[in-house]
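> Need a 3D model of the sequence below.
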Amino acid sequence: MFASLIGFQHSQSDHSLFVYHHGDATAYLLLYVDDIILVTSSTKLRTTLMSLFANEFAMKDLGSLSYFLGIAVKRNETGLFLSHATYAQTILNRAGIGTCNTVKTPVDTNGKLSATSGAPYSQPLEFRSLAGAL
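Purely as a prediction, here's the structure:
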């Protein structure tokens with residue numbers, strides 16, 4: 001792969017993540033289908049890497065990352081803050097419980113489940129879709 005030719009190492013924790021270390025310079029490259037997230041320790045390194053990639057691939061710089069795969073990204077003086085709050089609220093809204101009150105234990109702790117009692121859920125495809133979104 002091209003990334004390894006310019007010094008990126010494949011992460012052992014995630015097959016989509018590549019890491020670059022050279023002196024004080026650090027960069028993280030995350031590939032997801034046809035999307036790329038590039039985080040660098042300096043603007044100069046980002047510009048250099050973007051130029052190298054642009055010479056090899058047709059790509060577009062969409063600017064600072066703000067939202068990716070359901071994760072909101074906010075920058076502050078200490079780094080990046082990642083949040084799933086908007087994505088979680090979207091799932092709750094789809095389930096029709098987006099405006100329900102919060103509770104400490106969101107489950108009936110005294111309920112008994114049984115495979116033989118009760119009516120089957122009327123919309124199994126919707127249930128599977130919501131479970132898959134989680």
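> Give the helix, strand or coil label for residue 80.
Secondary structure, DSSP: H, G, I helix; E, B strand; the rest coil: residue 80 is strand.
> Show me the shaky parts of this structure.
1-5 (pLDDT under 70).
> care to break it down by domain?
2-62, 64-101 (automatic domain parsing).
> Can you give me the buried ones in the shortest one?
Under the neighbour-count criterion of 16 or more other C-beta atoms under 10 Å, domain 64-101 has 65, 87, 91 buried. In this view, the C-beta of every residue, glycine as well, is placed from N, C-alpha and C.
> if we can go back for a sec, can you tell me which of the domains of the chain comes nearest to residue 114?
Of all the domains of the chain, domain 64-101 sits nearest to residue 114, with 22.8 Å by C-beta to C-beta.
> now the helices for this protein?
2-5, 43-56, 85-94, 124-133 (DSSP state H).
> Format these as CSV; extra columns: distance to residue 25.
Output for the helices of the chain, formatted as CSV (distance: least, C-beta to C-beta, whole Å):
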stretch, distance to residue 25
helix 2-5, 15
helix 43-56, 5
helix 85-94, 32
helix 124-133, 38
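> sorry, back to before: kindly reformat the domains of the chain as JSON lines containing distance to residue 116.
Shown next, in JSON lines, are those (distance: least, C-beta to C-beta, whole Å):
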{"stretch": "domain 2-62", "distance to residue 116": "43"}
{"stretch": "domain 64-101", "distance to residue 116": "26"}
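> quick one, the strand ranked longest in the chain and helix 43-56 angle?
For the chain, the strand with the greatest residue count under DSSP state E is strand 25-32. Angle between the axes of strand 25-32 and helix 43-56 is 40 degrees (criterion: axes from the mean of the first three to the mean of the last three C-alpha atoms, to 10 degrees).
> Partner strands of strand 25-32, with direction?
Partners of strand 25-32 in the sheet, by DSSP bridges, are strand 17-22 (antiparallel), strand 35-40 (antiparallel).
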